[in-house]
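A.B. asks: 3D model of this:
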Amino acid sequence: MVSRYLRKEATTAFPGAGIDFAIQARMLTNVVSASVLGIEAETIDIEVNVGRGLPGTHIVGLPDAGVKEGRVRIREAIEASGFRLTPQKIVINLAPADVKKDGAVFDLPIAAGILSSCGVVPTESLSGAALVGELALDGRVRPVRGVLPIAAWAGRTGVRRLFVPERNAAEAVMAAGDCEVIPVATLGGLVARLRGEGEGEAGTPSALDTSSAENLPDLLDVRGQNVARRSLEIAAAGGHNLAFVGPPGSGKTLLAHRLPGILPTLSFQESLETTMIFSVAGLLGREGLVRNRPFRAPHHTISMAGLVGGGALVRPGEISLAHNGVLFLDELLEFPRTVLETLRQPLEDRQVTIVRARRAVRFPASFMLVAALNPCPCGHLGNPHKTCTCSATAIANYRARLSGPLIDRIDMHVDVPALAYRDLAAGEPGEASATVRQRVELARARQVHRSGKSNARMSSAELESCAVLDDGAHRLLERAVSRFALSARAVARVRRVARTIADLAGSERVAVGHLGEALQYRALDREVA
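C.D. replies: Below is the predicted model:
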């Protein structure tokens, strides 16, 4: 039988195809979906009204171009699934109306709403359900970004069933809690499921293994550079920012790439947070939770939006993709100064806020900054094997690309000198990363037991109570402040590093020796002085 709103055609798109059934226009249908803002999802109510009027499909509620273009995708997908819409007026409202909607995540719920309004899908079958997914012209359901935070939203808001693209199902199950995750491969399959003609299958969760992978670069590859190796261990133990200063080929990049192998393994909560960011960015593969701490190494030509996030659809930048991991900036002084200065607030607040006309989006950005830089434009200042050809003015201008406030936010500045061939050839390999990681995890456990966080994240009040200095340490620090003109922020960071050195030594108090070693890791302050 034929309705003035929809005509059913013989098809094999879903079970029961080719059987006539009565179609009654239900006019207004409500469908629940969600939109991602930052790494949090929020409810979007989709109202679909099919009725008399000038034929056309109208989408209101601050849709962007991607949502508006969905009108064509949805109509083609419906017809490819065995239905043919007759000319009619279709109004789709995305509420709340003051929140901008972007992307193609609403294709599937809008199509379900249209089919429900035309009587194909029972209205009651959409009760307690939420739908997300992009439609292809042939009716297939494509994967979308941000399904993991949407699944977490569904689990905490009482949604009973969450329909997601088949390729997003395993991702969704990880955070959905008691909400049933139902994978959808085609629009026809969704209709069959909602009409009770097909049961479908719930997604299968990936293994929730948060252990580190075995193929991370190992410190065994590093010969010599004992001071740099030691600084790497201290930085890992306390979560400190670190800068390597040295000529080309001295091993700065080699050392930085071995930092993830000695960092503590991700906790489940850290792993879930990191995975959510990768999900929103569309970088999540099929391996399930992110199990290794991220290591992001953007090129120095990266834009400001690429580093901190932004763009038309507001995606996380490199500093958020490095959340709970490492952001490595090789050739630090080749980055534009305006780009580097955007790091100052995230390094303090451990989050980044991107403000747009109608909204402010927040992404977490708790990362360790590791930088590598040459001491001068030619790179050979202080190199005993090559002569520096840079003038004093050229060196001063080169150093000026790195501002004092940004230097203050880097806890440790370490010289990495060039090694002679005999040192490389005869040098014994150092400890393996697994051995160093054991000491790092023990030191980190002491910090968590004492203050609930790593030393790099201690507040000023916590620093005063956890890193008490005796008279000798105070005198040493006073002389260092006078000689190197250390700022109050730099002094606090030196004390945090000293506290970490004491933790690695198993000491409850910060001794003069611990503070003295921490002061050695301020190469840029010494050079400026």
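A.B. asks: So Ile410 sits against Ala243, correct?
C.D. replies: Yes - counting by Cβ atoms under 8 Å, Ala243 is a contact partner of Ile410 at 5.0 Å. Any C-beta I mention is one placed from the backbone N, CA and C, and that applies to glycine too.
A.B. asks: who touches both of those two?
C.D. replies: Shared contacts of Ile410 and Ala243, defined by Cβ atoms under 8 Å, 6 or more residues apart in numbering, comprise Ala371, Leu524.
A.B. asks: What ranges does the stretch 301-450 of the chain have for its strands?
C.D. replies: 309-310, 315-316, 326-329, 351-355, 360-364, 368-373, 412-415 (DSSP state E, counting those that start in this stretch).
A.B. asks: ok, the closest residue to Asn168 other than its chain neighbours - contacts?
C.D. replies: Excluding the flanking residues, the one nearest Asn168 by Cβ to Cβ, 6 or more residues apart in numbering is Val147, at 4.1 Å. If you count contacts by Cβ under 8 Å, 6+ apart, Val147 has them with Val132, Val164, Pro165, Asn168, Glu171, Ala172, Ser279.
A.B. asks: ok, now Ala151?
C.D. replies: Leu162, Val164, Glu171, Ala172, Val173, Met174, Ala175, Ala176, Cys179, Val181.
A.B. asks: Can you say which of these are buried?
C.D. replies: Buried members of the contacts of Ala151, scored by 16 or more other Cβ atoms under 10 Å, are Leu162, Val164, Glu171, Ala172, Val173, Met174, Ala175, Ala176, Cys179, Val181.
A.B. asks: May I ask which two of the residues you listed are separated the most?
C.D. replies: The distance between the two most remote of the buried ones among the contacts of Ala151 (Cβ to Cβ) is 13.5 Å, for Glu171 and Cys179.
A.B. asks: my read: Val512 touches Asp471, true?
C.D. replies: No - using Cβ under 8 Å, Val512 is not in contact with Asp471; the gap is 9.5 Å.
A.B. asks: neighbour-wise, which of these two wins?
C.D. replies: Between Val512 and Asp471, counted using other Cβ atoms under 10 Å, the more crowded position is Val512 (17 against 8).
A.B. asks: Low-confidence stretches in the stretch 101-250 of the chain?
C.D. replies: For the stretch 101-250 of the chain, applying pLDDT under 70 flags the ranges 198-214.
A.B. asks: Same check on the chain?
C.D. replies: In the chain, residues with pLDDT under 70: 1-27, 198-214, 285-288, 357-358, 423, 425-428, 526-529.
A.B. asks: So it: which segments form each domain?
C.D. replies: The chain breaks down into these domains under automatic domain parsing: 6-194, 219-528.
A.B. asks: neighbours of Leu424, just the number please.
C.D. replies: As a burial measure, Leu424 scores 11 neighbours (other Cβ under 10 Å).
A.B. asks: So it versus Ala418, what's the distance?
C.D. replies: Per Cβ to Cβ, to the nearest Å, Leu424 is found 10 Å from Ala418.
A.B. asks: Equivalent analysis for Lys101, please.
C.D. replies: According to Cβ to Cβ, Lys101 and Ala418 sit 56 Å apart.
A.B. asks: same question, Ala185
C.D. replies: Note on Ala185: its distance to Ala418, by Cβ to Cβ, is 58 Å.
A.B. asks: Neighbour count: these two, which is higher?
C.D. replies: Neighbours per residue (other Cβ under 10 Å) separate Ala185 from Ala418, with Ala418 holding more: 18 against 15.
A.B. asks: could I get stretch 223-231 in CSV with only the CA atoms?
C.D. replies: Provided in CSV are the C-alpha atoms of stretch 223-231 (Å, rounded to 0.1, in the frame of the first residue of the first chain):
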residue,chain,number,x,y,z
ARG,A,223,76.4,5.0,24.9
GLY,A,224,78.0,7.7,27.1
GLN,A,225,76.0,10.8,28.0
ASN,A,226,75.7,9.7,31.6
VAL,A,227,74.5,13.2,32.7
ALA,A,228,71.8,13.3,30.1
ARG,A,229,70.7,9.7,31.0
ARG,A,230,70.5,10.7,34.6
SER,A,231,68.4,13.8,33.8
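A.B. asks: Need the residues that contact the lengthiest helix in the chain.
C.D. replies: Taking DSSP state H as the criterion, the chain has its longest helix at helix 433-451. Taking Cβ under 8 Å, 6+ apart as the criterion, the residues outside helix 433-451 that touch it are 216-220, 233, 236-239, 258, 261-265, 453-455, 458, 462, 466, 500, 503-504.
A.B. asks: what about it, distance to the chain center?
C.D. replies: 24 Å (Cα atoms, centre = their mean, to the nearest Å).
A.B. asks: Okay, buried residues for it please.
C.D. replies: Ser433, Val436, Arg437, Arg439, Val440, Glu441, Ala443, Arg444, Arg446, Gln447, Arg450, Ser451.
A.B. asks: Specify which member of those residues is nearest to Arg496.
C.D. replies: Ranked by distance to Arg496 (Cβ to Cβ), the buried residues of helix 433-451 are led by Gln447 at 10.2 Å.
A.B. asks: how big is the angle separating the longest strand that the chain contains from strand 360-364?
C.D. replies: Secondary structure assigned by DSSP state E gives strand 40-51 as the longest strand of the chain. In terms of direction (axes from the mean of the first three to the mean of the last three Cα atoms, to 10 degrees), strand 40-51 departs from strand 360-364 by 140 degrees.
A.B. asks: now for strand 40-51, which elements pack on it?
C.D. replies: strand 28-37, strand 89-95, helix 107-117, helix 147-157 (3 or more Cβ pairs under 8 Å, 6 or more residues apart in numbering; DSSP states H and E).
A.B. asks: what about the ones you listed, which gets the closest to Asn397?
C.D. replies: With Cβ to Cβ as the criterion, Asn397 lies closest to strand 28-37 of the helices and strands packed on strand 40-51, at 42.2 Å.
A.B. asks: from the chain's centre, how far out does the closest one sit?
C.D. replies: Chain-centre distance of strand 28-37: 25 Å, with Cα atoms, centre = their mean.
A.B. asks: Let me see the contact set for the closest residue to Arg337 other than its chain neighbours.
C.D. replies: Of all residues not flanking Arg337 in the chain, Arg401 sits nearest, at 5.2 Å (Cβ to Cβ, 6+ apart). Counting by Cβ under 8 Å, 6+ apart, Arg401 makes contact with Leu333, Arg337, Leu340.
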